[in-house]
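>>> the following comprises the amino acid sequence and a computationally predicted model.
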Amino acid sequence: MSDTFDIVIIGGGPGGYNCAIRAGQLGLKVACVESGSTLGGTCLNVGCIPSKALLHASEMFEAAGSHMAGLGVKVSGVELDLPQMMKSKDETVDGLTKGIAFLFKKNKVTHITGRGRIAGKGKVEVTDAKGKKSELITKHIVIATGSEVTPLPGVEIDEERIVSSTGALSLSKVPKSMVVIGAGVIGLELGSVWRRLGAKVKVVEYLPRIMPGADGELAKQATRILKKQGFEFHLGTKVTAVEKLKNTLKLSMEPAAGGEITTIETDVVLVAIGRRPVTEGLGLQEVGVKLDARGFIETDHWKTAADNIWAIGDCTAGPMLAHKAEEEAVACAESIAGKAGHVNYDVIPGVVYTSPEMAWVGKTEEELKEAGIAYKKGAFPFAANSRGRANHQTDGFIKVLADATTDEILGVHMLGANVSEMIGEATLAMEFRAASEDIARTCHAHPTLSEALRQAAMGVEGWTMQM
Ligand code: FAD
Ligand code: NAD
C-alpha cells in the first residue's frame with residue numbers, strides 16, 4: 001500500500017526536521033523518514049546538544065574547583081559525579097528530541113521510522129527495523145541525510161578506547177590521558193570537556209595551526225590560552241598508527257612532511273579529523289542525482305540534477321553546521337511552496353564552544369588579503385573591558401574588519417567569554433550590510449562584554465576610547 005505526499009524528506013536532523021515543519025506550516029502534506037529511533041539527527045542526539053551539555057557542566061566543575069576562589073567564593077569538597085553529568089546530558093537530549101516529535105504533530109508532519117531510498121521518480125521506499133518495506137508516493141523528495149565521522153585509515157574506532165565524537169560523549173570514566181587527532185572544532189571542544197574533568201589531553205594536528213578555517217590571529221591567541229590550560233599541541237604532525245595494548249594504546253606519529261617517528265601511550269584516542277556526507281544506499285545514481293568531487297550532493301538553490309529532488313544540510317557543500325542546515329531547510333521548503341527561498345551564505349556565523357569561546361562571521365584577514373580586498377581593522381581586548389575585568393574574563397579580543405572605501409563590515413572575529421551570544425549582533429549587522437560606524441554609533445549597555453564589539457568597531461576609524 002502506498003501513501004501520497006507533496007514532500008517526502010529523507011533524514012530527521014536539523015535539515016530534515018526544519019524543512020518538514022516549515023512545509024507543514026505552508027500547508028503542504030509532508031512526511032519525514034528517519035532511520036534512527038529519535039528525531040533530531042546528529043545535532044540533537046550525538047552532536048551540538050550533548051556536547052554543549054557536557055561543555056557547560058565541565059566548565060562549572062572546573063570553575064567550582066579552581067576559578068571561583070579568586071572571586072572570593074571558596075568551594076570545598078568539589079567532586080565529580082560523572083554518571084549524573086551523563087544523565088543530565090541524556091535528559092536534555094531526550095527532552096529536545098521529544099520536542100521535535102511534538103512539533104511534527106503540531107504541524108501535521110507524518111513521522112515515518114525506517115531507512116529511506118529513492119526508488120524512482122516520485123517514489124521513496126522505506127525499510128523498517130524488521131526489514132519490512134513500504135512505498136511513499138510524492139511530488140518532491142528532499143535528501144537531508146547529513147554526515148558521518150570520517151575514518152582515519154588504519155585506526156579502527158571501537159567507541160570505547162578509540163572513539164569518535166559519539167564515544168567521547170559517553171565515556172564511562174575519566175581517562176588519565178587522551179590523544180585527540182585533529183585540532184578542529186570537535187577536537188578542541190571535546191578535548192576541553194575531558195581536560196576539565198581531569199584527563200591530560202594531547203592534540204595531534206596535521207596542519208601547522210589549530211582551527212584551519214578560522215582567522216589566523218584568533219587561532220594563534222586561542223592556541224596560547226589553551227596551552228596555558230594544559231592542552232599539549234603537536235602541530236604539523238601526522239598519526240601513523242594506533243596499536244591496542246592490554247591496558248593502553250600506543251600511538252605513533254611523525255612530522256607531516258615525514259621524518260622521525262615518536263610514540264606516546266594513552267588511555268583513549270579521539271579521532272576528530274572531519275565528517276563526510278552520507279549518500280550511500282539512497283539510489284542517487286539511478287535517478288540522476290550528481291555528487292561533486294568531494295562526494296557532496298551537487299545542488300543549485302537546493303535543487304539536485306534530478307527533477308523534483310532537492311538536497312540540504314551536511315550532505316551538500318558548505319559549512320557542516322546545524323544553523324546552515326536549518327537555513328537551507330526553510331529556503332528549500334519555501335521554494336517548493338513557490339515562495340522565494342533565500343540563504344545568505346556570506347553571513348553564516350561559526351562558534352567553537354571552548355573557554356574562552358571563539359566566534360566569527362564573514363571573511364578572515366587571510367581571505368581578504370587573498371582576494372585583494374582593501375580593508376580597515378579595529379580590535380579591542382577583553383582585558384580592557386570593564387565587565388570582563390569585573391568577571392575575571394579578560395582573555396581574548398574582538399576584531400572588526402571593514403571595507404576600506406565603503407566601511408561595510410566584511411568580517412567580525414571574537415575570542416572571549418560568551419562571544420557565542422555576541423556574534424548574533426555582528427551577524428545581524430552584516431545581514432543589514434551595516435558599516436562599522438553603525439555599530440560604533442549604537443549605544444551599548446554598560447558594563448557589558450558587548451561593549452568590546454562597539455569599541456572594536458570604533459577602532460576601525462581610530463577612535464577607540466576605553467583603552
Ligand atoms: P544530521 O543531523 O546528520 O541528520 C541526518 C539524519 O538523517 C540522521 O538522523 C540520520 O539518521 C538520517 N538518515 C541518514 N540516512 C538516512 C536514510 N537513508 N533514511 C532515513 N534516515 C536517514 N553544529 C552546530 O551548528 N553547532 C554545534 O555546536 C555543533 N556541534 C557539533 C558537535 C558534534 C560532536 C558533532 C558531531 C556535530 C556538531 N555540529 C554542530 C554539526 C551538526 O550536528 C550538523 O551540522 C547538523 O546535524 C547537520 O544537520 P543535517 O540535518 O544536515 O544532518
Ligand atoms: P574539522 O574539519 O573542524 O577539523 C578537523 C581537523 O583535523 C582539521 O584541523 C584538519 O586539519 C585535521 N586533520 C585532518 N586529517 C588529519 C590527520 N590525518 N591527522 C591529523 N589531523 C588531521 O572537523 P571536526 O572537528 O571533526 O568536526 C566535523 C564537523 O562538525 C565540522 O565541520 C564542524 O563544522 C562540525 N562541528 C561543529 C561544531 C560547532 O559548530 N561548534 C562542533 C563540533 C562539530
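Right, received. Where do you want to start? All of these numbers come straight from a predicted model, not from anything done at the bench. Numbers count the residues shown, from 1 in each chain. Ligands and ions are numbered 1, 2, ... in the order given.
>>> what's downstream of the helix or strand hosting V8, the next helix or strand?
Using DSSP states H and E, V8 sits in strand 2-10. Moving toward the C-terminus from strand 2-10, the next helix or strand (DSSP H and E) is helix 14-25.
>>> quick check: angle from that following helix to strand 2-10?
Per axes from the mean of the first three to the mean of the last three C-alpha atoms, to 10 degrees, the angle that helix 14-25 makes with strand 2-10 is 130 degrees.
>>> is ligand 1 contacted by helix 14-25?
Yes - with C-beta under 6 Å from any ligand atom as the criterion, ligand 1 is reached by helix 14-25 at P14, G15, G16. C-beta here means a position set from N, CA and C on the backbone, and glycine is covered the same way.
>>> of the residues you listed, which is the most crowded?
The most crowded member of the residues of helix 14-25 next to ligand 1, judged by other C-beta atoms under 10 Å, is G15 (32 neighbours).
>>> can you tell me the closest non-neighbouring residue to it?
G313 (2.8 Å; C-beta to C-beta, 6 or more residues apart in numbering).
>>> if we can go back for a sec, quick one: is the strand holding V8 near ligand 1?
Yes - if you take C-beta under 6 Å from any ligand atom as the test, strand 2-10 does meet ligand 1, through I10.
>>> next, the buried residues of that strand.
Within strand 2-10, the residues scored as buried using 16 or more other C-beta atoms under 10 Å are D3, F5, D6, I7, V8, I9, I10.
>>> counting contacts, what elements does it pack onto?
Secondary-structure packing of strand 2-10 (3 or more C-beta pairs under 8 Å, 6 or more residues apart in numbering; DSSP states H and E): helix 14-25, strand 30-34, strand 115-120, strand 133-143, helix 322-336.
>>> and G77, what are its phi and psi?
The phi/psi pair for G77 (degrees, to the nearest 10) reads phi 70, psi 30.
>>> where's it relative to H67, distance?
17 Å (C-beta to C-beta, to the nearest Å).
>>> of the two, who's got more company?
Neighbours per residue (other C-beta under 10 Å) separate G77 from H67, with H67 holding more: 14 against 5.
>>> mind checking pLDDT for G462?
What the model reports as pLDDT for G462 is 97.
>>> just the CA coordinates for the helix or strand where I225 lies, please, in PDB.
Using DSSP H and E, I225 maps to helix 216-229. In PDB, the C-alpha atoms belonging to helix 216-229 read as follows (Å, rounded to 0.1, in the frame of the first residue of the first chain):
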ATOM      1  CA  GLY A 216      44.900  33.300  11.900                       C
ATOM      2  CA  GLU A 217      45.300  35.900  14.700                       C
ATOM      3  CA  LEU A 218      42.300  34.400  16.600                       C
ATOM      4  CA  ALA A 219      43.700  30.900  16.300                       C
ATOM      5  CA  LYS A 220      47.100  32.000  17.500                       C
ATOM      6  CA  GLN A 221      45.800  33.600  20.600                       C
ATOM      7  CA  ALA A 222      43.400  30.700  21.200                       C
ATOM      8  CA  THR A 223      46.400  28.300  21.000                       C
ATOM      9  CA  ARG A 224      48.300  30.300  23.600                       C
ATOM     10  CA  ILE A 225      45.300  30.300  26.000                       C
ATOM     11  CA  LEU A 226      44.500  26.600  25.500                       C
ATOM     12  CA  LYS A 227      48.200  25.700  26.100                       C
ATOM     13  CA  LYS A 228      48.000  27.600  29.400                       C
ATOM     14  CA  GLN A 229      45.000  25.500  30.400                       C
END
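>>> low-confidence regions, this structure specifically.
The chain contains residues with pLDDT under 70 at 1-2, 467.
>>> any residue of the lengthiest helix in the chain touching ligand 1?
Ranked by residue count, the top helix of the chain under DSSP state H comes out as helix 82-106. No - using C-beta under 6 Å from any ligand atom, helix 82-106 stays clear of ligand 1, with a minimum separation of 10.1 Å.
>>> now what about that helix, what contacts it?
With contacts defined as C-beta atoms under 8 Å, 6 or more residues apart in numbering, helix 82-106 is touched by 12, 17, 20-21, 24, 32, 38-40, 44-45, 49-50, 53-54, 57-58, 61, 109-111, 169-170, 172-174, 197.
>>> try 7 Å
17, 20-21, 32, 38-40, 44-45, 49-50, 53-54, 57, 111, 170, 173-174 (C-beta atoms under 7 Å, 6 or more residues apart in numbering).
>>> ok, stretch 63-73 next?
If you take C-beta under 7 Å, 6+ apart as the criterion, stretch 63-73 is touched by V75, V78, H392.
>>> helix/strand/coil for the second one?
Using DSSP: H, G, I helix; E, B strand; the rest coil, the structure places V78 in coil.
>>> residues near the closest residue to ligand 1 within the stretch 151-300 of the chain, how many?
Relative to ligand 1, the nearest point of the stretch 151-300 of the chain is S165 (3.6 Å; C-beta to the nearest ligand atom). For S165, the neighbour count with other C-beta under 10 Å is 21.
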